[in-house]
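K.L.:
Below are the sequence and a predicted model for it; my questions follow.
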Amino acid sequence: MHPAFLRELSTIMDMSGTAGCEKMKTPGNMRRRLQALSWLLLVVAVGLGVHFTIQFITKGDSAHSGESPAVPKILELETTNPERARKARAGMHRYDEICRLCHHRDGHGGRFTPSLAGKTAIGVETMLNLYRDGHKVGPMTELMAPWAKELSDEEVQNLGIYIELLN
Ligand code: HEC
């Protein structure tokens, strides 16, 4: 074959080679991008799902923000029984840290958590001690007991005093 023709041929083959590669590359890249995008969408969807499930379980409304409805009673108690008021405040801090998530700001409970409304300090202490001692109380004992087990005697007492004031 004529060398010029061969050169020509090889140039054409090179070009088609490159063109072919480009053709192959683009869908590959697209597929990878689409894959990355669908992973991202999946992660976002799962995140939203978890978020709304937690909201659903805990009812989500204003239960987790805002001042405790017991504050006026604590202020009143400060003038009559400062020591008890101090304990109530300590109980309030602990309640907001742990218990509020499930039992709500006002203690009225959520879809799957019981209301603490109307409980006396002694009543709360008694229940918390049952959970601390490892008794099976209700069908959802496993959900509640670990939190109770973290509490000291003093914290149990403070929480009782505080929850009584929530009513
Ligand atoms: C993860 C959610 C969750 C958290 C956090 C939580 N609780 Fe509970 N609590 C529950 C559930 C669920 C029950 C019902 C358990 C059962 O079936 O025995 C319960 C039950 C109780 C009861 C007994 C109510 C009754 O039926 O008389 C008291 C009192 C109580 N919780 C107080 C607290 C206090 C105080 C805290 C914070 C230290 C707290 N809980 C934290 C979910 C929670």
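P.N.:
Yes, it's here.
K.L.:
Show me the shaky parts of the protein.
P.N.:
1-26, 54-65 (pLDDT under 70).
K.L.:
List, one by one, the residues from the chain near the ligand.
P.N.:
98-99, 101-103, 113-114, 116, 124, 127-128, 137-141, 143-144, 147, 151, 159 (C-beta under 6 Å from any ligand atom). Every residue, glycine included, has its C-beta placed from N, CA and C.
K.L.:
measure A88 to the ligand for me?
P.N.:
Taking C-beta to the nearest ligand atom, to the nearest Å as the measure, A88 falls 13 Å from the ligand.
K.L.:
For that residue, which residues are in contact?
P.N.:
With contact set as C-beta atoms under 8 Å, 6 or more residues apart in numbering, A88 has these partners: A70, K73, I74, L77, N158, I161, Y162, L165.
K.L.:
how about 6 Å then?
P.N.:
Shown in contact with A88 (C-beta atoms under 6 Å, 6 or more residues apart in numbering): I74, I161, Y162, L165.
K.L.:
swap in I74?
P.N.:
Residues in contact with I74, defined by C-beta under 6 Å, 6+ apart, are A85, A88.
K.L.:
Show me just the buried residues among the residues of the chain next to the ligand.
P.N.:
Buried members of these, counted by 16 or more other C-beta atoms under 10 Å: 98-99, 101-103, 113-114, 116, 124, 127-128, 144, 151, 159.
K.L.:
element containing L34, please.
P.N.:
L34 is located in helix 3-58, with elements delineated by DSSP states H and E.
K.L.:
Could you tell me how far whatever helix or strand comes next after that helix lies from the centre of the chain?
P.N.:
Following helix 3-58 in sequence order, the next helix or strand is helix 71-80 (DSSP H and E). Offset of helix 71-80 from its chain centre (C-alpha atoms, centre = their mean, to the nearest Å): 32 Å.
K.L.:
Name the residues of the helix or strand just after helix 71-80 that come out as buried.
P.N.:
Sequence-wise, the next helix or strand downstream of helix 71-80 (DSSP H and E) is helix 82-94. Residues of helix 82-94 classed as buried by neighbour count (16+ other C-beta under 10 Å): R84, A85, K87, A88, R89, A90, G91, M92, R94.
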